[in-house]
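Enquirer: Fold the following, please.
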Amino acid sequence: MAKVVSPIAAKIEVIGRPRESSYEAGKFYYPTLFIDLSQPEGAEAAKIWKNLSEDEVSQIQKGDRVQLISVGKDKSGKDKHNIVLVNDNSPAAVKSSADDTPPASEWTPDQKRAIASFVEDQADLLGFCLKVSREKFANPQNPLVETEESIRTLATSLYITTQRKFHVS
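Expert: Numbering: from 1, shown residues only. Below you'll find the predicted structure:
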């Protein structure tokens, strides 16, 4: 018979810096603090520390609301959980909120300024990635790539990786 579990409603409080695994060379984990929202604020019992992979961390950010669903225990006897993102930044929520966005002709001046600022920031980041790609990969003394298309592809990869790693959106 299947075990019935109640999910833990939690908030991501801290995503730590990457640390190298003692068990697998070249693998990193991110110590991450979840706060159990059913516990009194500041209670030690509210703190749930998990070591997450880079892939897991790339899908969440500080402040996200999640559900931790128990899936048993690890070899050391600690609880293992699946993490379910439940905040307004989930892809389903983003899609549905985008469907409710008024057409551009109805945007306020503040909304237009915010969009323009965002676009400028993103262009600056992409321009920086392009500059670094040219410096690193098309150096005349030791070119690693020869075509402009390759430079643009590398810059785009750096741009996307930077957005994911640092939760730039």
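Enquirer: switch to C-alpha atoms for all contacts and neighbour counts from now on
Expert: Will do.
Enquirer: could you point out which element follows the helix or strand of the chain with the lowest mean pLDDT?
Expert: The helix or strand of the chain with the lowest confidence, counting by mean pLDDT, DSSP states H and E, is helix 91-99 at a mean of 41. Per DSSP states H and E, the first helix or strand lying C-terminal to helix 91-99 is helix 109-137.
Enquirer: Only C-alpha atoms, please: export the helix or strand following that following helix in CSV.
Expert: Proceeding N to C from helix 109-137, the next assigned helix or strand is helix 148-165, under DSSP H and E. Extracted in CSV, the C-alpha atoms of helix 148-165 (Å, rounded to 0.1, in the frame of the first residue of the first chain):
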residue,chain,number,x,y,z
GLU,A,148,31.6,35.5,-36.3
GLU,A,149,28.7,33.0,-36.1
SER,A,150,30.6,30.9,-33.6
ILE,A,151,31.4,34.0,-31.5
ARG,A,152,27.7,34.9,-31.5
THR,A,153,26.7,31.4,-30.6
LEU,A,154,29.2,31.3,-27.7
ALA,A,155,28.0,34.8,-26.5
THR,A,156,24.4,33.6,-26.6
SER,A,157,25.3,30.5,-24.5
LEU,A,158,27.1,32.7,-21.9
TYR,A,159,24.1,35.0,-21.8
ILE,A,160,21.6,32.2,-21.2
THR,A,161,23.9,30.5,-18.6
THR,A,162,24.3,33.8,-16.8
GLN,A,163,20.6,34.3,-16.7
ARG,A,164,20.0,30.9,-15.3
LYS,A,165,22.8,30.8,-12.8
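Enquirer: Which elements pack onto helix 148-165?
Expert: helix 109-137 (3 or more CA pairs under 8 Å, 6 or more residues apart in numbering; DSSP states H and E).
Enquirer: one more time with 10 Å, if that's ok
Expert: helix 54-57, helix 109-137 (3 or more CA pairs under 10 Å, 6 or more residues apart in numbering; DSSP states H and E).
Enquirer: any chance of the ones you listed in TSV, plus mean pLDDT and mean neighbour count?
Expert: Converted to TSV, the helices and strands packed on helix 148-165 look like this (pLDDT from 0 to 100; neighbours: other CA atoms under 10 Å):
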stretch	mean pLDDT	mean neighbour count
helix 54-57	88	14
helix 109-137	88	14
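Enquirer: tell me the contacts of residue 45?
Expert: Residue 45 sits next to 35, 36, 38, 39 when contact means CA atoms under 10 Å, 6 or more residues apart in numbering.
Enquirer: hmm, which of those are the buried ones?
Expert: Burial by neighbour count, 16 or more other CA atoms under 10 Å: within these this picks out 35, 36.
Enquirer: As JSON lines, the contacts of residue 45 with distance to residue 49, pLDDT and secondary structure would be great.
Expert: Formatted as JSON lines, the contacts of residue 45 follow (distance: CA to CA, whole Å; pLDDT from 0 to 100; DSSP: H, G, I helix; E, B strand; the rest coil):
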{"residue": "35", "distance to residue 49": "9", "pLDDT": "94", "secondary structure": "strand"}
{"residue": "36", "distance to residue 49": "11", "pLDDT": "93", "secondary structure": "strand"}
{"residue": "38", "distance to residue 49": "16", "pLDDT": "90", "secondary structure": "coil"}
{"residue": "39", "distance to residue 49": "15", "pLDDT": "90", "secondary structure": "coil"}
